[in-house]
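Engineer: This is a predicted model, with the sequence first.
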4 protein chains.
Amino acid sequence: MRADAARNRARLLEAAEKVFAAKGVSVPIDEIAAAAGVGVGTLYRHFPTKEALFEAVVVSRLESFVHAATDAATSDEPGRVFFDFLYRFARQAALKRDLFDALLVAGIDIKSQCADLVGELEGGIEHLLERARDAGDVRADVTVKDVIGLVMGTCNAASQANLDEAACDRMIGVVCDGLRADG
Amino acid sequence: MRADAARNRARLLEAAEKVFAAKGVSVPIDEIAAAAGVGVGTLYRHFPTKEALFEAVVVSRLESFVHAATDAATSDEPGRVFFDFLYRFARQAALKRDLFDALLVAGIDIKSQCADLVGELEGGIEHLLERARDAGDVRADVTVKDVIGLVMGTCNAASQANLDEAACDRMIGVVCDGLRADG
Amino acid sequence: MRADAARNRARLLEAAEKVFAAKGVSVPIDEIAAAAGVGVGTLYRHFPTKEALFEAVVVSRLESFVHAATDAATSDEPGRVFFDFLYRFARQAALKRDLFDALLVAGIDIKSQCADLVGELEGGIEHLLERARDAGDVRADVTVKDVIGLVMGTCNAASQANLDEAACDRMIGVVCDGLRADG
Amino acid sequence: MRADAARNRARLLEAAEKVFAAKGVSVPIDEIAAAAGVGVGTLYRHFPTKEALFEAVVVSRLESFVHAATDAATSDEPGRVFFDFLYRFARQAALKRDLFDALLVAGIDIKSQCADLVGELEGGIEHLLERARDAGDVRADVTVKDVIGLVMGTCNAASQANLDEAACDRMIGVVCDGLRADG
DNA sequence: CATGAATGAGGCTTCATTCAT
DNA sequence: TATGAATGAAGCCTCATTCAT
C-alpha cells in the first residue's frame, strides 16, 4: 500500500471514530469523508461499505482492549489486576462515548472480524476473572458476560446521562464492591 | 373519542413499542403502521410525528415506573422497599429491551411531557434512596443518578447481549450488593 | 333540500370564498370545513370534489358580475356606464384578491357551468363596450377580451403587489384613459 | 466547476423554466428532473430546495430585464426609450407565461437574491420613468409600481387567456396611451 | 488513484377522498 | 344525515453507493 493511501486510511478511521462518537452512527458518510479531508470516493476505496467502516472503527477499539487484557494476564496480584483492568476498561469506554452504544443499539450486526475480537476479549477477561476468583477476590457466581455487561452498561449509562468522571468512578466503584462481596 | 379511534391508538402504541424494541428507533414508520394493522395516515392522525409516537411510547413506560415509585414511598422497611423497587424496575426495563437505549442514544431529544416524567421518576427514586440511606441500608456516597445509571445501564447491557433473566438478576444482585456495601 | 342542509351549503360557500382568498387554492379542504363549522363529510355531501367547491365559489362571484353587466345594459350614457362598470368590476376583483388569480393560474380548468357564465359575462361586457364605442367614447380597435384582460390583469397585479386602493384606482384610471384615447 | 456539472445545472434551469411555465409551480420536482434528463439527486445537489430552484429560474429572468433597463438608461429620447422598454418587457413576460404569475401568486416568498434584483429592476425602471416624465412624455401621477403592475398584469392576463401576440400588443398599446395621456 | 457529481430507492409527511360510527 | 377517522397515493428530500472526470 502506498504511503498516501495508508495515511488516508488512518485519517478516515480517526475521523470516523470522532464523527460517529459525536453524532451517532446515522451520520451521513459524506460528513466523515469531509472530516477526514478526502472525497467520498476515497472513503469507498478503503471501506466498501458504511458498515465496514464502522466495523473497522470498533475493531481498532477492541484491539486495544484485547492487548490490555493480555498484558494483565500474568500478574501475581490477580484481584488488583482484575479490578484495575475494569477501571481502565471503563474509563476508555466512557471516553469514547456513543460508540459502543451505537454498536450495541443501532441494529448494525457485528460481523466476522469483530466477532472474533469480541471472543478474544471475552477470553482475556475470563482469564483475569478466573484468576481473581481463584484468589478469592471475586464472588463465585458471576460470569464474564455479567462482568462485561455490568461495566459496559454502567459506562454507557454514565456517558448517555452526561455524568462526570467522578460519577462514573463512583458507579464503577459500586460495581466492583458488588463483585467483591460474597453475594 | 370514538371507540375505533381509541382502539387504533392503543394498537399503534402497542405495535410501536414492539417494533421500536425489535428494530430500533430508525425503523420506518410504515412498518409500525403495518404492524398495527392501520394505514400511515391513521398513525399520523394520532401522532403528528415519528418523534411524537416514540415519545408517547416512552411516556407510557415511564408512567408505570413513576406509579411504582410512588406506591413504594411510604413503607416502614425502606431498605427492602428500595431494593425491591430496583429489582422490579430492572425487570421491566429488561423486558422492553432497546427502548430506553434508543431513547438515550438515538439523538431524539426528550421533550416536554417526557422530561417532566423523568423528573418525577427521579424525584420518586430519590425519596426511596434517601429513606433507605437514612436507615443505614445504602452507602452514603451515591446519588439518584448513579443508581438509575447503574440499574438502567445493567439492564440495557443485559438485554443487548441477549442474556437470560437469571443473568440479569445476578447482575442486579451485584449492583445491589455494591450499593449496600460501605464503599 | 332541508333547511339545515341549505344553511350548511351556504356556510361552506362563504367559508370557501374566504379561505381560498386568504390562503390560496392549495389550502387543505379540512380547513375549509373547519371554517364552515362542519365536518369534511358534510362538505363532500354538498360538493363531490375540491374542484367542484372551487368552481361553485367562482360561479357565485361571476353571477354577481353578470347581473351588474345586465343592469347596466340599457343606460343612455353608454360611455359613463361602461367606465363605471369597469371601475366597479375592478374594485370587486381587487377586494376578492387571490381568487381570480388562483382561478387563472393554479391549473384548475374551468368547467361546464363556469364556462357558460364566463361566456355570459363576456357577452354582457361586449354589449356595454359596443354601445360605448358606437357613442364614440371608446377607441375602435379593442376587443372585449382585451378590456377584460386589461382590467383583470391590472387588478391582479395590484392585489398581488399589495398596492393600496388609491394605486389601484390610479392604474384603472390609466387603463380607462388608454381606452378612451384615439389609439 | 466540472464540465458535466455545469451542463446539468444549465439543463436543469432550462427544464425548470419550461416545466414551471407549462404546468405551474406545483409541478412535482421529479418531473423537472426527468425533463432535464437527470436524477432527483442531481437536482438537489444543484438546488437545495424546490423553492431555491424556482428562485434561480426567476432570478435569471429578472437579470435579463435589469440589463435591458440599464442599457436604456442613457438615451437622449427618454419617452421613446421608456415605452420601447415597456414593449420589450411585455413581450418577454408574455413569452414566459405563468412564471411571473406563479411567482406572485403561489405563496412562494421572494428571498434574498430575488428581492435584490427586484429592487434593482424597480430602480432601473424608475430612472427611465423619471426621465420620460421630465421630458413631458408621461403623465405625472403614476409610480413605478403602477407602471410595473400595469404591464405585468396585462401580460399575465394575456398569456392566461391564451391571447395572441397582436392582442397583447394592442393591450400594451392601450396602457401606453393611458400613460401618455394627461390623466 | 482521488474526486465529487450523479443516481434513485426509500424515508417522512400531507391531504383528497371514502367509510364506519 | 353529519361526523371525523381511516386510507394510501404522492410529494419533498436524504444519503449510501456508483461512476465519469
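Structural biologist: Looks like it arrived, so ask away.
Engineer: Please parse chain A into its domains.
Structural biologist: Residue ranges of the domains in chain A are recorded as A:1-48, A:51-180, according to automatic domain parsing.
Engineer: Which helix or which strand is home to A:L43?
Structural biologist: Remark: A:L43 resides in helix A:40-46, with elements defined by DSSP states H and E.
Engineer: Now do that helix: everything it contacts.
Structural biologist: Helix A:40-46 has contacts (Cβ atoms under 8 Å, 6 or more residues apart in numbering or on different chains) with A:5, A:8-9, A:12, A:29-30, A:32-33, A:36, A:53. From N, CA and C alone the C-beta is placed, and that goes for glycine too.
Engineer: For those, which PyMOL command selects only the ones that are buried?
Structural biologist: Burial among the contacts of helix A:40-46 is assessed by 16 or more other Cβ atoms under 10 Å in any protein chain shown; the matching PyMOL selection reads:
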select buried, chain A and resi 8+9+12+29+32+33+36+53
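Engineer: May I have the secondary structure class of A:C176?
Structural biologist: Following DSSP: H, G, I helix; E, B strand; the rest coil, A:C176 is assigned to helix.
Engineer: Kindly apply the preceding question to A:R131 instead.
Structural biologist: Per three-state DSSP, A:R131 ends up helix.
Engineer: measure the residue lying closest to it once chain neighbours are set aside to A:V138 for me?
Structural biologist: Nearest non-adjacent residue to A:R131, counting by Cβ to Cβ, 6 or more residues apart in numbering or on different chains: A:P78, 3.7 Å away. For A:P78, the distance to A:V138 under the criterion Cβ to Cβ, to the nearest Å works out to 9 Å.
Engineer: same deal with A:E17?
Structural biologist: 32 Å.
Engineer: Those two - which one has more neighbours?
Structural biologist: Set side by side, A:E17 and A:V138 show more neighbours around A:V138, with 24 against 19, by other Cβ atoms under 10 Å in any protein chain shown.
Engineer: Mind telling me what element A:V142 is part of?
Structural biologist: With the criterion set as DSSP H and E, no secondary-structure element contains A:V142; it sits in neither a helix nor a strand.
Engineer: contacting residues for A:E63?
Structural biologist: Under the criterion of Cβ under 8 Å, 6+ apart, the contact list for A:E63 reads A:L117.
Engineer: mind redoing it with 10 Å?
Structural biologist: A:117, A:120-121 (Cβ atoms under 10 Å, 6 or more residues apart in numbering or on different chains).
Engineer: Inside helices: which ones of those?
Structural biologist: The subset of these located in helices under the criterion DSSP state H comprises A:117, A:120-121.
Engineer: Would you format these as CSV with distance to A:R180 included?
Structural biologist: What follows is the ones in helices among the contacts of A:E63, written out as CSV (distance: Cβ to Cβ, whole Å):
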residue, distance to A:R180
A:L117, 28
A:E120, 26
A:L121, 22
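Engineer: And chain B, is stretch A:135-152 touching that?
Structural biologist: Yes. Judged by Cβ under 10 Å from any Cβ of the partner chain, stretch A:135-152 comes into contact with chain B through A:139, A:141-143, A:145-152.
Engineer: One more: stretch A:47-57?
Structural biologist: No. Using Cβ under 10 Å from any Cβ as the criterion, no contacts between stretch A:47-57 and chain B are found, and the smallest distance is 13.4 Å.
Engineer: So that stretch, near DNA strand E or not?
Structural biologist: No. Contact check for stretch A:47-57 against DNA strand E, using Cβ under 7 Å from any atom of the strand: none in range, with a minimum separation of 11.8 Å.
Engineer: And that stretch, what's buried?
Structural biologist: So, applying 16+ other Cβ under 10 Å, buried residues of stretch A:47-57: A:47, A:50, A:53-57.
Engineer: before we move on, the earlier item: so the residue nearest to A:R131 versus chain D, what's the distance?
Structural biologist: Plainly put, A:P78 is 58 Å away from chain D if you go by Cβ to the nearest Cβ, to the nearest Å.
Engineer: what would the buried residues of stretch A:47-57 look like in CSV with pLDDT and secondary structure?
Structural biologist: As requested, the buried residues of stretch A:47-57 are exported to CSV (pLDDT from 0 to 100; DSSP: H, G, I helix; E, B strand; the rest coil):
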residue, pLDDT, secondary structure
A:F47, 96, coil
A:K50, 93, helix
A:L53, 93, helix
A:F54, 88, helix
A:E55, 85, helix
A:A56, 89, helix
A:V57, 87, helix
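Engineer: Out of those, the closest to chain D would be?
Structural biologist: Checking these against chain D with Cβ to the nearest Cβ, the nearest one is A:K50 at 17.2 Å.
Engineer: where's the closest one relative to DNA strand F, distance?
Structural biologist: Taking Cβ to the nearest atom of the strand, to the nearest Å as the measure, A:K50 falls 4 Å from DNA strand F.
Engineer: swap in A:P28?
Structural biologist: Using Cβ to the nearest atom of the strand, A:P28 is found at 4 Å from DNA strand F.
Engineer: Pull the contacting residues for that residue.
Structural biologist: A:19, A:34, A:40, A:50.
Engineer: Now rank the residues you listed by neighbours and give me the top one.
Structural biologist: With neighbours taken as other Cβ under 10 Å, the top of the contacts of A:P28 is A:V19, carrying 21 neighbours.
Engineer: quick one: that one and A:A35 touch, right?
Structural biologist: Yes. Under the criterion of Cβ atoms under 10 Å, A:V19 is in contact with A:A35, at a separation of 5.2 Å.
Engineer: any residues in contact with both of the two?
Structural biologist: Residues touching both A:V19 and A:A35 comprise A:V27, with contact defined as Cβ under 10 Å, 6+ apart.
Engineer: out of everything not next to it in sequence, what's closest to A:L86?
Structural biologist: By the measure of Cβ to Cβ, 6+ apart, the closest residue to A:L86 outside its immediate chain neighbours is A:V151, 5.4 Å from it.
Engineer: Correct me if wrong: that neighbour contacts A:A90.
Structural biologist: Yes. The pair A:V151 and A:A90 qualifies as a contact (Cβ under 10 Å) at a distance of 5.4 Å.
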